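Chemist: no FASTA, just this:
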């Protein structure tokens, strides 16, 4: 199988989706003559957002602003500066950093679900106001691996919360509400096949991702300021996760999958492992390794976007 | 009552606390020959952190890095550049921004409890490794008011979660665990009296703060990408909060109070109102008002630190 045909076989998303506009079900939005996307520091007035963002086809997001800027720079180089010099479009909001490189947006979401959810609400509104069609969203993150070595990429097949439920649970008007975390299986296949054909040397796994609301005790770490459990408890917990099929732990995938799915937007999650949690709690790779590993989801995603999503 | 005597009457914390070192109960930390405070981009090796941070008496934190930098600049001016030009000590970590101005640290915590909790774990370890004594932590944030106008400061007396429980609930090893949210009543009195005597013109309230894990539907907003409830539900909900005594809504106070209390560190929470939620969902104040209001918790805290905590 040649590279070209492999890519062609995996054309995704399909033609129907590519022509489908992002639409939101919240009817109250149509009553707003202008809408302040407060944390993005953008305001919708008439068709201003459609003019500026109407061509967006892909949104890449991840925790740190610096990493998203790096991704944007790499894409800018690939596409030959289609939008001119990079500019942080959300700088005035002091919450997120957003860059537009031709039809691709790069925006960070901070750490944890509450911060991610704020971003997603405002990005979804942006995409809907801009009348974008066929948008794909990718979360490019970092994670701990369960028995998986640093530098490995993990494509999320199923995202669960810290109680192993495939949902994003939130509180609305004081009541617990769950939204199912779903990632389109064709998206997963597309990413997986692309990795196999385009990055055959890169260690890439596909599997279950657990998203926690806390980084230290919440992920079974014993090196936080507090630790209310012992080594045996930690070991049993992480081994049980492995038995249950959890491949990696991070802090956003379940909510990302749930909210993108609810908005009708195709999404994928690719994380790079920074520590094998069966070996320890601390991220101890060298600075050079860290820099190199951080670039892997970016390189993978940029090639994927160029070859599979933008042609 | 003169200003001076009013301040003197409220000396807080007391002498015993001022001489008490920050100590952590996590025994596993003593086994670490070095400890990577990963998200702060600091490493404890021998007594390096004690040398650099041993004099810290106050830690100010808030959501945005830019606001914390502004606070640090204001304090730097007041103290006459005791630590030289401002330098972001956590820059290499690309997650938080931290500035040290003499005995005061300024560090942002991002948005939401998961991000805050990561910061607090690492700041508590930093303070313990540095053998700091008598530390007070202040959260200086922004919030929505319940029947309270933009520009008002709210000192948190009691912090509850989005189900009105005075706790921070988290998941450890897959199990739900609650930690009580407690703010020392003398801290609240001290802040309240200081406001009354030093800022008599500034609108300041003291009351119950609700911390939610979601900004849009989680705070009863109808202007997010999704809204699964109607106007009547929203109205009933916000009116019920008012009846129950909730004065403001933000996203961190309950966890901040719970974790500081668990670490044995005195803390206070001061938020400025940016929108009266009984009037609407969107933050619509002008840019100038926004700039001015954002400075209010900073000005208040800096004067409080100088007059009450550092003398």
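Modeler: Nice, I can see it. Quantities reported herein were computed from a predicted structural model and do not represent experimental measurements.

Chemist: low pLDDT regions in chain A?
Modeler: A:1-11 (pLDDT under 70).

Chemist: one more time with 50, if that's ok
Modeler: For chain A, applying pLDDT under 50 flags the ranges A:1-9.

Chemist: Okay, helices next: where are they in it?
Modeler: All helices of chain A, identified by DSSP state H, fall at A:3-9, A:15-18, A:48-53, A:65-79, A:113-129, A:185-198, A:231-243, A:253-262, A:287-304.

Chemist: So for the longest one, what gets flagged as buried?
Modeler: The neighbour-count criterion (16 or more other C-beta atoms under 10 Å in any protein chain shown) identifies A:290, A:293, A:294, A:295, A:296, A:297, A:298, A:300, A:301, A:302, A:303, A:304 as the buried residues of helix A:287-304. For the C-beta atoms, the positions are set from N, CA and C on the backbone; glycine is no exception.

Chemist: contacts for it?
Modeler: For helix A:287-304, contacts defined as C-beta atoms under 8 Å, 6 or more residues apart in numbering or on different chains pick out A:60, A:62, A:67, A:70-71, A:74-75, A:78, A:138, A:140-142, A:150-151, A:153, A:191, A:194-195, A:198-199, A:202, A:204, A:270-274, A:283, A:285.

Chemist: just the second one next, same as before
Modeler: With contact meaning C-beta under 8 Å, 6+ apart, helix A:15-18 is reached by A:133, A:134, A:266.

Chemist: Can you tell me which of those residues comes closest to chain B?
Modeler: Lowest distance from chain B to the contacts of helix A:15-18 (C-beta to the nearest C-beta) belongs to residue A:266, with 16.0 Å.

Chemist: my guess is that closest one contacts residue A:309, does it?
Modeler: No - Residue A:266 is not in contact with residue A:309 according to C-beta atoms under 8 Å; the separation is 9.6 Å.

Chemist: and for those two, which residues touch both?
Modeler: Common neighbours of residue A:266 and residue A:309 (C-beta under 8 Å, 6+ apart) are residue A:136.

Chemist: Residue A:71 is in contact with residue A:106, isn't it?
Modeler: Yes - applying C-beta under 8 Å, one finds residue A:71 in contact with residue A:106, separated by 5.1 Å.

Chemist: which residues are common contacts for those two?
Modeler: Residues touching both residue A:71 and residue A:106 by C-beta under 8 Å, 6+ apart: residue A:60.

Chemist: Say whether chain B is contacted by stretch A:41-59.
Modeler: No - for stretch A:41-59, no contact with chain B is found by C-beta under 8 Å from any C-beta of the partner chain; the gap never falls below 10.0 Å.

Chemist: And that stretch, end to end?
Modeler: Start and end residues of stretch A:41-59 are separated by 17 Å (C-alpha to C-alpha, to the nearest Å).

Chemist: Distance from it to the middle of the chain?
Modeler: Offset of stretch A:41-59 from its chain centre (C-alpha atoms, centre = their mean, to the nearest Å): 21 Å.

Chemist: do the same with stretch A:178-195
Modeler: 12 Å.

Chemist: Could you list the buried residues of that stretch?
Modeler: In terms of neighbour count (16+ other C-beta under 10 Å), stretch A:178-195 has its buried residues at A:179, A:181-184, A:187-188, A:190-195.
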